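[1] Need the 3D shape of this:
(chains A, B, C and D)
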There are 2 protein chains.
Amino acid sequence: MKNAEHQTKSDRTRAAIVAAAQEVFAAKGYEQATVRDIAARAAIDPAMVIRYFGSKDALFARVAVFDLKLPDLKAGDGNRIGETLVRHFLSVWETDANGGFAVLLRSAASNEFAAKKLRDVFAGQVLPALARVGGTARAAERAGLVSSQLLGLALCRYVLKLPPVVAMPRESIIGAVGKTIQRYVTGR
Amino acid sequence: MKNAEHQTKSDRTRAAIVAAAQEVFAAKGYEQATVRDIAARAAIDPAMVIRYFGSKDALFARVAVFDLKLPDLKAGDGNRIGETLVRHFLSVWETDANGGFAVLLRSAASNEFAAKKLRDVFAGQVLPALARVGGTARAAERAGLVSSQLLGLALCRYVLKLPPVVAMPRESIIGAVGKTIQRYVTGR
DNA sequence: GTCTATAATTCGATAGAC
DNA sequence: GTCTATCGAATTATAGAC
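    Numbering: from 1, shown residues only, chains lettered A, B, ... in the order given. Below is the predicted model:
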């Protein structure tokens, strides 16, 4: 008897593999993460990982998805768009530290599939949201500058773990980087 | 007869391996670059790479060095520190696209040795240079913010190849990002 | 100095018993 | 559904002939 409420053993195994894959891919990147690592983390046999997802590539594709869930920037205070964006960005990371974004950022520099996925997030989520505010003039350039600062921040704070960037209080970052994003979005 | 002017055959082979290693490591990252790739690029036998450098790790360590060669920021116009820094940063990359910085940035997200090297560049080169200007108050935080923007820019323009960031003219980047760096360095 | 041959691992993936 | 056993390919690194 299968229905939406009852979780079969297969469902639980599948979910355990996905969770383990997120953790291992986010921690080591695509190449250094092995099917054996993921299986060990999920406390199952390595053969099960392949059986459930077909290949390491397919499992990575399943886990390398990311929804920024950007709020409507036109709804709030136009002078606080930068602050809102940085705050939202930090929240997304910190509430889901092993989620799709961590997986993508960890692998994107040396894995073309992950790099393309990140470019898709830019084109499909960041660019449209920013084009709605600050006018459409040079929207792509403005979105590119915003992305360079936000990706650089995530890289330094969560991946490279640059000590002063790790130590900075959340509100200090929102203040300092928020002003930068605000200028990029509105052109001052 | 060996002296500083005469380049032996060994020297030429060694130099060819280093050049090939820089290209391959910068293009594919540490894990995906193989000794066979590097040997093929240098048009020699894979065994020679190990013979000359001992191991893949040792060769990577030889190539993963980076000198930012930062100018004295106190000498120039205090209102153009940001512009100067961005211009210098872009020049360093573009005149040495396969140099140590490209090698480091490509591998740092998934290789702890490369990540530590990047942190060392920050602590040994960026932080001291910025501590000399804008006062010593919170110099580490200011240097961290500067690094987040510059690393993010390099990541988007040269590694991820985010289209609008790749397409932006050099001078536009220097103008827009320079203002950001200037604010981070001087605190407005 | 250079290359052939290969050792020793490690990986993703498969076959088949239970 | 799950696991044991293993295959075949790829890797770094070494030994030794030339």
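
[2] which ones are touching A:Val165?
    A:153, A:156-157, B:144-145, B:147-148 (C-beta atoms under 8 Å, 6 or more residues apart in numbering or on different chains). In short, each C-beta sits where N, CA and C put it, glycine included.

[3] per-residue confidence for the residue of chain A found nearest chain B?
    Residue of chain A nearest chain B, by C-beta to the nearest C-beta: A:Gly152 (1.9 Å). A:Gly152 is assigned 98 on the pLDDT scale.

[4] That one and B:Leu160 touch, don't they?
    No: proximity of A:Gly152 to B:Leu160 does not meet the contact threshold set by C-beta atoms under 8 Å, at 11.3 Å.

[5] ok, for the residue of chain A closest to chain B, nearest residue in space, not its chain neighbours?
    Spatially, and ignoring its direct neighbours in sequence, A:Gly152 is nearest to B:Gly152 (1.9 Å; C-beta to C-beta, 6 or more residues apart in numbering or on different chains).

[6] ok, and for the strand or helix carrying the one you found, which residues are buried?
    Element membership for B:Gly152 (DSSP states H and E) is helix B:139-154. Buried residues in helix B:139-154, counting neighbours by 16 or more other C-beta atoms under 10 Å in any protein chain shown, are found at B:139-154.

[7] Please name the residues that touch the residue most central in space within chain A.
    Residue closest to the mean C-alpha point of chain A, counted by C-alpha atoms, centre = their mean, is A:Phe101 at 1.5 Å. For A:Phe101, the contact set (C-beta under 8 Å, 6+ apart) comprises A:66, A:68, A:92-93, A:154.

[8] Measure how the helix or strand harbouring it sits relative to helix A:139-154, angle-wise.
    Secondary structure from DSSP H and E places A:Phe101 in helix A:100-107. Here the directions of helix A:100-107 and helix A:139-154 differ by 80 degrees (axes from the mean of the first three to the mean of the last three C-alpha atoms, to 10 degrees).

[9] Give me the mean pLDDT for helix A:100-107.
    Averaged over helix A:100-107, pLDDT sits at 98.

[10] pull the CA atoms of it into CSV?
    C-alpha atoms of helix A:100-107 as CSV (Å, rounded to 0.1, in the frame of the first residue of the first chain):
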residue,chain,number,x,y,z
GLY,A,100,22.4,22.8,-3.3
PHE,A,101,24.3,26.1,-3.2
ALA,A,102,27.1,24.7,-1.1
VAL,A,103,27.3,21.7,-3.5
LEU,A,104,27.5,24.0,-6.5
LEU,A,105,30.0,26.5,-5.1
ARG,A,106,32.3,23.8,-3.9
SER,A,107,32.5,22.1,-7.3
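
[11] May I see the buried residues of the helix or strand following it?
    With elements assigned by DSSP H and E, the helix or strand that comes after helix A:100-107 is helix A:112-121. Neighbour counts over helix A:112-121 (16+ other C-beta under 10 Å) mark A:114-115, A:117-119, A:121 as buried.

[12] Could you dump those into CSV with distance to DNA strand C added?
    CSV is the format used below for the buried residues of helix A:112-121 (distance: C-beta to the nearest atom of the strand, whole Å):
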residue, distance to DNA strand C
A:Ala114, 15
A:Ala115, 19
A:Lys117, 19
A:Leu118, 22
A:Arg119, 24
A:Val121, 25
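
[13] and the residues you listed near chain B, which?
    A:115, A:118-119 (C-beta under 8 Å from any C-beta of the partner chain).

[14] Among these, which one lies nearest to DNA strand D?
    A:Ala115 (19.9 Å; C-beta to the nearest atom of the strand).

[15] so which helix or strand takes in the residue of chain A found nearest DNA strand D?
    Nearest to DNA strand D in chain A, going by C-beta to the nearest atom of the strand, is A:Ser10, at a distance of 2.7 Å. Per DSSP H and E: A:Ser10 is located in helix A:9-32.

[16] now could you export just the CA positions of that helix as CSV?
    Provided in CSV are the C-alpha atoms of helix A:9-32 (Å, rounded to 0.1, in the frame of the first residue of the first chain):
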residue,chain,number,x,y,z
LYS,A,9,11.6,1.7,3.1
SER,A,10,12.8,2.6,-0.4
ASP,A,11,11.8,6.2,0.2
ARG,A,12,13.8,6.3,3.4
THR,A,13,16.8,4.7,1.8
ARG,A,14,16.6,7.1,-1.1
ALA,A,15,16.3,10.1,1.2
ALA,A,16,19.2,8.9,3.3
ILE,A,17,21.4,8.7,0.1
VAL,A,18,20.4,12.2,-1.0
ALA,A,19,21.1,13.7,2.4
ALA,A,20,24.5,11.9,2.6
ALA,A,21,25.3,13.0,-0.9
GLN,A,22,24.6,16.6,-0.1
GLU,A,23,26.9,16.5,2.9
VAL,A,24,29.8,14.8,1.1
PHE,A,25,29.5,16.7,-2.2
ALA,A,26,29.3,20.0,-0.2
ALA,A,27,32.3,19.1,1.9
LYS,A,28,34.7,17.7,-0.7
GLY,A,29,33.5,18.7,-4.1
TYR,A,30,32.4,16.4,-7.0
GLU,A,31,35.7,14.8,-7.9
GLN,A,32,36.9,14.0,-4.4
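
[17] Work out the gap between that helix and the centre of the chain.
    16 Å (C-alpha atoms, centre = their mean, to the nearest Å).

[18] swap in stretch A:26-34?
    The chain centre lies 15 Å from the centre of stretch A:26-34; the measure is C-alpha atoms, centre = their mean.

[19] go on, stretch A:68-75?
    Mean-position distance between stretch A:68-75 and its chain equals 16 Å (C-alpha atoms, centre = their mean).
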